[in-house]
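1. sequence below, structure please.
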Amino acid sequence: MNERLTTEGERQRRIRRAAIAGGTTATCAAALIAVKGVAGVARGVPWLIVVPLTVVCGAFAGSAGARTGRENAISAETLGPGERLISTYTVRPPFTPGRGPTPYENPPFQLLLTSRRLQLWEHSNLLWAHPWAELRLAVDGPRLKIYHRGEEAGFMILEPPGTPLEIQLAARRLGAS
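-> Take a look at the predicted model:
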């Protein structure tokens, strides 16, 4: 899975396959929703409601699954030989005054812990990656402060609660201070 790709065409095929796999999986989940809809029809819900809702759910699920599969393939591509992904955490978006976060928004930021480094991603864009030996992590209540060579590299709130302490403990085991 971590082999180096020789051409851009091979890279694009790999990303496309991951997107298709993610879209197919999500569409299958939408098909399960359709089965529940058919059960609803048996209980008296009209077909004119069930069929359009099922088609819309399938389309959105396939699109979201394809996007997620593509993002996962791109992030897996950055792993070096022998490096493995340990965990992925969702970074809560910063609070904007006058607008609370909506629960259905796709969180744009992910913090990935690998066996060699810590990475911050925004969807499929790698914002930064730092080796564990160059990092110092501090926990401030629900927030995680990340310092790279003495300068602040990140100050973030992570999900679920308790995650900053979990990351700090893992980082110490992996060589961060």
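2. in this protein, which helix or strand is least confident?
-> helix 8-42 (a mean of 68; mean pLDDT, DSSP states H and E).
3. for the following helix or strand past that one, packing partners?
-> Reading on from helix 8-42 to the C-terminus, the next helix or strand found by DSSP states H and E is helix 47-77. Contact analysis of helix 47-77 by 3 or more CB pairs under 8 Å, 6 or more residues apart in numbering; DSSP states H and E lists helix 8-42, strand 117-122 as its packing neighbours. All C-beta atoms are positioned from the backbone trio N, CA, C, and that covers glycine.
4. the same query, at a cut-off of 10 Å, please.
-> helix 8-42, strand 85-91, strand 109-114, strand 117-122, strand 125-131 (3 or more CB pairs under 10 Å, 6 or more residues apart in numbering; DSSP states H and E).
5. ends of stretch 115-128, what's the gap?
-> Stretch 115-128 has its terminal residues 16 Å apart, counting by CA to CA, to the nearest Å.
6. and that stretch, what's buried?
-> By neighbour count with 16 or more other CB atoms under 10 Å, stretch 115-128 contains the buried residues R116, R117, L118, Q119, L120, W121.
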